[in-house]
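Novice: sequence plus the predicted model coming up.
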Amino acid sequence: MKYRISSDDVVFEDFDGEVVVLDLGTGRYFGLNASASALWAALSTGVETASLADAGAPADWIAGFAAECVQAGLLVEAPDAPEAALPAGFRLPTDAAPRLEAHSELSDLIAADPIHDVDLQAGWPHLPPDQVDR
Amino acid sequence: MTGYSVVIPAWNAAITLAETIGSVLAQGWAPAEVIVVDDGSTDATADVAAGFGAAVRMIRQDNRGVGVATNTGLAACGQPVVALVDSDDLWLPDKAARQRDHLARLPELAISCTALRLFRADAAGGRELGPVRPGLLRSSMMFPLAVFARVGPLFDPPGGRGDMVDWLARAREQGVAIEELPEPLTLRRVRPGSLSSGRDPALDRGYLLAARRAMLRARQDGGTA
């Protein structure tokens, strides 16, 4: 199976080997441990799960982590996506199973942020009737 | 509550700053001081601020970002309470007085916010009003200066976005109450090309860094790896 990132709202960055994934749409964010971060780097770019298994990643780690990412709305299955090669220098840390830790402590703060006005600008000034008072 | 300071971080805001300052000076509860921090503008921002004479105190610094400019202004405040406003946003005339009453009902360490109404300039120079949005943003905030002392300076993430997300998260972790008045007493300007407009991966890194920093703080406090 191949996957891709579910939407433009989902952004991520690698901080010293630990990836943080943020869903700007919901304000939820996720901390990935080292093994999850390595799997994310592969799965999010469309690497076939079979290639990961060939590279030595335990099948239950791959399947479990991919399912968690789909469940969290971060990845979607993409069977027709062009197949990507493993990231250069791919190495799966094996000291701990992949973990995807969900947080929502900043959700209201991120949701309040002006970046969310973009779509709204496109529709301006066609506002919902209850919002055109004052 | 004796008086309040207003801090306006401004970078290349010559077109909008006068309207912003005007809405501050028009408050029913007038500010004791208005501080404009000119963050290394290359346009006429400084001239606009100077045009208000003694009503506005200006501090100039090299361009270092909106968070650092806010810190500069907060460090210069001479009043026990401060309100912040971005250099293109506006206040309705009863905003400050409503927030004075709001703060009086809140714990000692609290941040009062108001809902925001979006607006944009129309072709005739008037205001076209938009929908109401949550107000956990700089332009709606009023708080005792003691909150700044407790939470510490704003952190400017790369790209210039997410500075208030980071600071408000830290405030909440420090036990500061953050409460929002439901009335849209703050008007937030929407215009293409402003820092906060549009999705941009390079700028959105600021939010990822704010999230990373929150997780590291939680890890430190919780003592888990």
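Specialist: Yes, it's here. Only a predicted model underlies this, so the values are computations on that prediction, with no experimental measurement involved.

Novice: and the residue nearest the centre of chain A, what does it touch?
Specialist: The residue lying closest to the centre of chain A (CA atoms, centre = their mean) is A:Leu74, at 3.6 Å. Neighbouring residues of A:Leu74 by CB atoms under 8 Å, 6 or more residues apart in numbering or on different chains: A:Ile5, A:Ser6, A:Val10, A:Val21, A:Asp23, A:Phe30. Where you see a C-beta, it was placed from the backbone N, CA and C, and this is true even at glycine.

Novice: try it again at 6 Å.
Specialist: By CB atoms under 6 Å, 6 or more residues apart in numbering or on different chains, A:Leu74 lies in contact with A:Val10, A:Val21.

Novice: do you know how far it is from B:Val37?
Specialist: According to CB to CB, to the nearest Å, A:Leu74 stands 39 Å off from B:Val37.

Novice: which stretch of helix or strand covers residue 82?
Specialist: Since you didn't name a chain, this refers to chain A. Using DSSP states H and E, A:Pro82 maps to neither a helix nor a strand.

Novice: that answer is for a different chain, and I need it for chain B
Specialist: Using DSSP H and E, B:Val82 sits in strand B:81-84.

Novice: direction included, what does that strand pair against?
Specialist: strand B:4-10 (parallel), strand B:142-144 (antiparallel) (DSSP bridges).

Novice: how far does it sit from its chain's centre?
Specialist: 9 Å (CA atoms, centre = their mean, to the nearest Å).

Novice: same check, this time on stretch B:151-168
Specialist: 11 Å.

Novice: which of the strands paired with strand B:81-84 sits most buried?
Specialist: strand B:4-10 (a mean of 26; mean count of other CB atoms under 10 Å in any protein chain shown).

Novice: which residues touch that strand?
Specialist: Contacts of strand B:4-10 (CB under 6 Å, 6+ apart): B:17, B:24, B:31, B:33-39, B:45, B:66, B:69-70, B:73-74, B:77, B:79, B:81-85, B:87.

Novice: repeat for stretch B:56-73
Specialist: So stretch B:56-73 is in contact with B:7, B:9, B:34-40, B:49, B:153-154, B:156, B:160, B:163, going by CB under 6 Å, 6+ apart.

Novice: among the residues you listed, which are located in strands?
Specialist: Under the assignment DSSP state E, the contacts of stretch B:56-73 contribute B:Val7, B:Pro9, B:Val34, B:Ile35, B:Val36, B:Val37, B:Asp38, B:Asp39 to strands.

Novice: select only the buried ones of the contacts of stretch B:56-73 in PyMOL?
Specialist: Here is the PyMOL selection string for the buried members of these, based on 16 or more other CB atoms under 10 Å in any protein chain shown:
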select buried, chain B and resi 7+9+34+35+36+37+38+39+49+154+156+163
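
Novice: which single one of the contacts of stretch B:56-73 is nearest to chain A?
Specialist: Ranked by distance to chain A (CB to the nearest CB), the contacts of stretch B:56-73 are led by B:Asp163 at 10.5 Å.

Novice: who touches the most centrally placed residue in chain B in this structure?
Specialist: Most central in chain B under CA atoms, centre = their mean is B:Arg138, positioned 2.5 Å from the mean C-alpha point. Shown in contact with B:Arg138 (CB under 6 Å, 6+ apart): B:Leu84, B:Asp86, B:Met164.

Novice: next, the buried residues of the longest helix along chain A.
Specialist: Secondary structure of chain A per DSSP state H: the longest helix is helix A:59-71. Using 16+ other CB under 10 Å as the test for burial, helix A:59-71 gives A:Trp61, A:Ile62, A:Gly64, A:Phe65, A:Ala66, A:Glu68, A:Cys69.

Novice: spatially nearest residue to the last one, not counting backbone neighbours?
Specialist: Once flanking residues are discounted, A:Cys69 sits nearest to A:Leu75: 4.1 Å by CB to CB, 6 or more residues apart in numbering or on different chains.

Novice: where does the chain dip in pLDDT?
Specialist: With no chain named, the answer covers chain A. Counting by pLDDT under 70, chain A has low-confidence residues at A:114-134.

Novice: not what I meant, chain B
Specialist: For chain B, applying pLDDT under 70 flags the ranges B:1, B:192-199, B:201, B:223-225.

Novice: at 80 instead, please
Specialist: B:1, B:122-123, B:125, B:158-161, B:191-204, B:222-225 (pLDDT under 80).

Novice: please enumerate the helices of it.
Specialist: According to DSSP H, the helices that chain B contains are B:17-25, B:45-50, B:66-76, B:95-105, B:145-151, B:163-173, B:201-222.

Novice: could you dump those to TSV with distance to B:Arg191?
Specialist: Output for those, formatted as TSV (distance: least, CB to CB, whole Å):
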stretch	distance to B:Arg191
helix B:17-25	13
helix B:45-50	16
helix B:66-76	16
helix B:95-105	21
helix B:145-151	29
helix B:163-173	19
helix B:201-222	16
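
Novice: how deep is the residue nearest to A:Cys69 tucked in, by neighbour count?
Specialist: Using other CB atoms under 10 Å in any protein chain shown, A:Leu75 has 23 other residues around it.
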